[in-house]
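In: kindly generate the corresponding structure for this input.
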Amino acid sequence: MDFIPSPRSEKQGCVLLMSGGLDSTVLCAALGRRGWEIRALTALYGQRNAHEVIRAREQAVLLGCVRHEVIDVPRLPFGGSALTDPESKVPAGRTIEQVTSGRIPSTYVPARNLVLLALATAWAESLCLQDVFIAVNAIDYSGYPDCRPDFVRAFGLAAGLATRDGMRVHAPLVDQTKAGIARLGAGLGVDMGRTISCYQPDEAGRACGVCDSCVLRARGFTEAGIEDPTSYAKERP
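Out: Okay, here's the model as predicted:
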């Protein structure tokens, strides 16, 4: 866990963008183990997967966040994505090579992390905090440009210049594999079966097993040698 920053003082607070998925939940557990007092922020931006908000609420309680806020973000800037447009088809059944080809898929939400990090930074400053965390990953991912290390560094620089005391933006999972994240979660005792990564779960919140996110998540558990705790709507192909 050396890549997880430690707080500089006892009971130091931070803001964490929390989606209810595997990565942000594991990061939340790791930050708590390090001694951070976590204020979690979850955004409703018109995404098709409303179940992730339910899981985020559950995990925020389970992992001892001192506060969890769910905010409504205007849907206007987030159009043109298969995750926000019910008329668009979510890619399914793609091979791992296709998923990780680097081509930006239709599930990319325009500048989502740019907008959400700005909101998290503003909230952190209003709470007199100086640290914001995001669980983006640029190793086993779908090629989203706002998950790249260069973006995180650039935003961190901007946030530091734009805030009174200089905000620090952290993305400690950015160069971790999904297998590594799964192992970290298992070591921390995270109930990873109560997280959801799927782009199109069914009404009961069960994962489809065939979208890009499900493919990456399943491979991570396989490579980690950990039994996949995910609840699937039907047997995976």
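
In: helices or strands up against the lowest-mean-pLDDT helix or strand in the chain?
Out: Lowest mean confidence among the helices and strands of the chain (mean pLDDT, DSSP states H and E): helix 96-99, at a mean of 86. If contacts are counted by 3 or more Cβ pairs under 8 Å, 6 or more residues apart in numbering; DSSP states H and E, helix 96-99 sits against helix 212-224. Where you see a C-beta, it was placed from the backbone N, CA and C, and this is true even at glycine.

In: other SSEs contacting the helix it packs on?
Out: Helices and strands touching helix 212-224, by 3+ Cβ pairs under 8 Å, 6+ apart, are helix 96-99, helix 178-187.

In: mean pLDDT lowest for which of those?
Out: With a mean of 86, helix 96-99 has the lowest mean pLDDT of those.

In: now the strands for the chain?
Out: For the chain, the strands defined by DSSP state E cover 13-17, 37-44, 67-72, 131-133, 168-170.

In: where does pLDDT dip in the chain?
Out: Applying pLDDT under 70 to the chain flags residues 235-237.

In: now do the helices in it.
Out: Applying DSSP state H to the chain gives helices spanning 22-34, 51-62, 96-99, 112-126, 149-162, 178-187, 212-224.

In: nearest to residue 82, out of those?
Out: helix 212-224 (10.1 Å; Cβ to Cβ).

In: just the CA trace of that closest one, in CSV.
Out: What follows is helix 212-224 as a C-alpha-only set of coordinates in CSV (Å, rounded to 0.1, in the frame of the first residue of the first chain):
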residue,chain,number,x,y,z
ASP,A,212,-16.4,-3.4,-21.4
SER,A,213,-16.3,-2.6,-17.7
CYS,A,214,-17.5,-6.1,-16.8
VAL,A,215,-14.9,-7.6,-19.1
LEU,A,216,-12.1,-5.6,-17.4
ARG,A,217,-13.3,-6.3,-13.9
ALA,A,218,-13.7,-10.1,-14.5
ARG,A,219,-10.2,-10.3,-16.0
GLY,A,220,-8.9,-8.5,-12.9
PHE,A,221,-10.3,-11.1,-10.5
THR,A,222,-9.1,-14.0,-12.7
GLU,A,223,-5.5,-12.6,-12.9
ALA,A,224,-5.5,-11.9,-9.2
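
In: buried ones in that helix, by neighbour count?
Out: Applying a neighbour-count criterion of 16 or more other Cβ atoms under 10 Å, one finds 212-221, 224 buried in helix 212-224.

In: please identify which of those is nearest to residue 206.
Out: residue 214 (10.7 Å).

In: would you mind measuring from that closest one to residue 107?
Out: From residue 214 across to residue 107, the span is 12 Å (Cβ to Cβ, to the nearest Å).
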